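Engineer: can't give you the sequence, but here's the structure:
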């Protein structure tokens, strides 16, 4: 699995309120609190050495 796919799945696992497989997995493991995303996009800056 590539890092982008893993990140997307983690984000879905932590934030979805839809009945997806990852949302059901979170609920089954006792995770009922959903994380919310910031209202606007966050800018990521990469520093070059």
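Structural biologist: Here it is on my side, so go on. Small disclaimer: the values here were computed from a predicted structure and weren't measured.

Engineer: After the longest helix along the chain, which helix or strand is next?
Structural biologist: For the chain, the helix with the greatest residue count under DSSP state H is helix 3-15. The C-terminal neighbour of helix 3-15 among helices and strands, as given by DSSP states H and E, is helix 21-28.

Engineer: Just the buried residues of that following helix, please?
Structural biologist: 22, 23, 26 (16 or more other Cβ atoms under 10 Å). Glycine gets a C-beta too; all of them are placed from N, C-alpha and C.

Engineer: Contact partners for the residue nearest the centre of the chain?
Structural biologist: Per Cα atoms, centre = their mean, the C-alpha nearest to the average position across the chain is that of residue 11, at 0.9 Å. By Cβ atoms under 8 Å, 6 or more residues apart in numbering, the contact set of residue 11 is empty.

Engineer: now the buried residues of helix 21-28 in CSV, with distance to residue 3?
Structural biologist: Output for these, formatted as CSV (distance: Cβ to Cβ, whole Å):
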residue, distance to residue 3
22, 17
23, 22
26, 21
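
Engineer: Generate a markdown table for those, with pLDDT as supplementary columns.
Structural biologist: Compiled in a markdown table, those are given as follows (pLDDT from 0 to 100):
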| residue | pLDDT |
| --- | --- |
| 22 | 77 |
| 23 | 75 |
| 26 | 75 |
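
Engineer: The longest helix of the chain versus helix 21-28: what angle between them?
Structural biologist: Counting by axes from the mean of the first three to the mean of the last three Cα atoms, to 10 degrees, helix 3-15 lies at 50 degrees to helix 21-28.

Engineer: How about helix 3-15, which residues are buried there?
Structural biologist: 13, 14.

Engineer: Please shift the residue numbers so they start at 125 in all later answers.
Structural biologist: Right, with 125 as the first residue, what we last looked at is helix 127-139.
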